[in-house]
Structures are given as C-alpha cells and as structure tokens.
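**Q** Prediction below, plus the sequence it came from.
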Amino acid sequence: MYSYISGTLEEVREDLIVVDNHGIGYQIQVPLRIHDELPAVGSQVKIYTYLHVREDAFMLFGFSSQDEIAMFKLLLNISGIGPKGALALLSTYSANEIRFAVVSEDDKLIAKAPGIGNKTAQRLIIELKDKISLEDAVDILGGSEPIVGDGGSLVKRETMEALVALGYTSSDASRVLSGIEISEDDDVETVLKQALKNMAMI
C-alpha cells in the first residue's frame, strides 16, 4: 500500500520515527541500525515502508532500502518469527549479513539477535537456505552493477569464494570485503591478502 514515505523527520525514538507528510505524522517502526543513516530532526527524509496488517492493528515498518524490506518479508514467513523478531534481526545485522549467515548455516550468529533462540535460528536457516544462494548474496554485496564486464565485482566474488574455501564463514567474509575498496586494477591475490589481514582483526 505504501512503497515509501518522504517528508520531515519530526521525532526519533529507539525503535520508531515520526515522519510528517503534508500535515500527517506517520509513526514508523524501524531497526536500530537505521539510526546511523537518519538525518537530523527537522530534515527531509525518505523511508521505504512495509504495512503489516493484523486483526487488531495496522503497523508501518520502515527501512533504508528495498533490499531490507525484501529480507523483512522473508523473515516474516519463518515460523516463530513475527514482526518484532524480524525487526530485531535487521537491527542486529544487515540484510546481506543475514544472507551470508544462512548460506554458511551460521545459526550461532543468528541466535545472537535479541529474542532469537537457537531453535528459531536453526529453523530460519532450514526455511531460507533454498531461497538464498551464495551467488545472489555476492551479487548484492557487489552492488547493482552487473558482474559481467565489472572487474571489481568479479574480483570480489572470487575473493569471497576463496575465503569460504579457506574455512571462513560467509558472514565474516562479507564483513571484511565490505570494508575493502576494490578497483578494476586489483587482482584476487591482492584483495585476498588484504582480506586475510583484516580477518585477523575481527
């Protein structure tokens, strides 16, 4: 019903924000991670939204990207994870960190999110592992630019595969690679050396 809401950021609380759009204040529940991306109160803001309908309530959830909404919807379909659990996961991890945790079957990482126990984390992996692939996650990590003809994205993909082959989890590899700037002139060996150096620091 609402793809996004743009307007003046009127209020910021721990788990929600209020956006004024033409005199109407929309109360939007948001993940904690979004706070670092929000402008100052009184500034213009654009929030991608998802309307969750229950018998007794209509709730708006807001995210900084459509990718986070897509992950939120996937999480809502997991037995035992409602809107609060999905929001807790996206408050703790980015959408892509969740993807890599699923691909690497890292249930311990997922279980660290508030309100998500070991059994729920294992169920999440079982139900999502057929819907998420390492290739998709690497594509998203590389951005919206196509892999074909994009040397930087191809190097990132091959470095990711090398790190996973070396025994690192996909989620750790994702974190490390997201902090490395890769140019078209870089090769896999160069990026892999930097990634391994950074791995020792996490």
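**A** Cool, got the structure. Numbering: from 1, shown residues only.
**Q** surely residue 118 meets residue 112?
**A** No: contact criterion CB atoms under 8 Å: residue 118 and residue 112 do not qualify, at 10.3 Å. For every residue, glycine as well, the C-beta is placed using N, CA and C.
**Q** any idea how far the residue nearest the centre of the chain is from residue 71?
**A** The residue lying closest to the centre of the chain (CA atoms, centre = their mean) is residue 95, at 1.7 Å. Counting by CB to CB, to the nearest Å, the gap from residue 95 to residue 71 is 4 Å.
**Q** list the residues that contact both of these two?
**A** Shared contacts of residue 95 and residue 71 (CB atoms under 8 Å, 6 or more residues apart in numbering): none.
**Q** and the most far-flung residue of the chain relative to its centre, what does it touch?
**A** Distance from the centre of the chain peaks at residue 23, with 31.4 Å (CA atoms, centre = their mean). Counting by CB under 8 Å, 6+ apart, residue 23 makes contact with nothing.
**Q** need the helices for the chain, in chain order.
**A** 66-76, 83-92, 95-103, 107-110, 118-128, 134-141, 151-165, 170-178, 188-199 (DSSP state H).
**Q** Kindly list the single helix or strand of the protein that scores lowest on mean pLDDT.
**A** The weakest-scoring helix or strand in the chain, judged by mean pLDDT, DSSP states H and E, is helix 134-141 (a mean of 58).
**Q** Can you give me the buried ones in stretch 41-60?
**A** 45, 47-50, 52, 60 (16 or more other CB atoms under 10 Å).
**Q** what does stretch 80-88 give?
**A** Neighbour-count burial for stretch 80-88, counted by 16+ other CB under 10 Å, picks out 81, 83, 85-88.
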